[in-house]
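Engineer: sequence and predicted structure below; questions after.
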Amino acid sequence: MRTRVFWTQTAERAVKTAAQALLGLWPLDQFNILDADPRLAGGIAAGAAVLSILTSLASTAVGDKNSPSATV
């Protein structure tokens, strides 16, 4: 069973990754903050967060089982 610390750290990583994905859209010509499609932006952010969570879960097989990090 995963610890509360694991899930807290995993959630922090997922939120950071989602924010980075949104900020990564900004320099694109198609992405204007005033005309942004919120469903598209939300979908990209949610997809990035899910991938971050899956990566954190997969990392427990490599490093410490109570840490979302692949390194010790």
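Structural biologist: Perfect, I can see it now. Predicted, not measured: the structure shown is a model, and the values here were computed from it.

Engineer: need the per-residue pLDDT for Thr71.
Structural biologist: We have a pLDDT of 81 for Thr71.

Engineer: which residues touch it?
Structural biologist: Residues in contact with Thr71, defined by C-beta atoms under 8 Å, 6 or more residues apart in numbering, are Gly63. Heads up, the C-betas are built off the backbone N, CA and C, glycines and all.

Engineer: now it: how far from Ser59?
Structural biologist: Relative to Ser59, Thr71 is positioned 9 Å away (C-beta to C-beta, to the nearest Å).

Engineer: what about Ala45, how many residues nearby?
Structural biologist: Number of residues near Ala45 (other C-beta atoms under 10 Å) recorded here: 21.

Engineer: give me the helices and strands touching the host helix or strand of it, please.
Structural biologist: Following DSSP states H and E, one finds Ala45 within helix 38-59. Secondary-structure packing of helix 38-59 (3 or more C-beta pairs under 8 Å, 6 or more residues apart in numbering; DSSP states H and E): helix 4-25.

Engineer: and the helix it packs on, how far from the chain's centre?
Structural biologist: 4 Å (C-alpha atoms, centre = their mean, to the nearest Å).

Engineer: quick check: mean pLDDT of stretch 58-68?
Structural biologist: The pLDDT scores in stretch 58-68 average 86.

Engineer: CA atoms only: put it into PDB for me.
Structural biologist: Output in PDB follows, covering the C-alpha atoms of stretch 58-68 (Å, rounded to 0.1, in the frame of the first residue of the first chain):
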ATOM      1  CA  ALA A  58       6.100   2.800 -12.500                       C
ATOM      2  CA  SER A  59       9.100   4.400 -10.700                       C
ATOM      3  CA  THR A  60       8.300   2.400  -7.500                       C
ATOM      4  CA  ALA A  61       9.600  -0.700  -9.300                       C
ATOM      5  CA  VAL A  62      13.000   1.000  -9.800                       C
ATOM      6  CA  GLY A  63      13.600   3.100  -6.600                       C
ATOM      7  CA  ASP A  64      12.100   3.400  -3.200                       C
ATOM      8  CA  LYS A  65       8.600   1.900  -3.100                       C
ATOM      9  CA  ASN A  66       7.400   4.900  -1.000                       C
ATOM     10  CA  SER A  67       8.700   7.500  -3.400                       C
ATOM     11  CA  PRO A  68       7.500   8.600  -6.800                       C
END
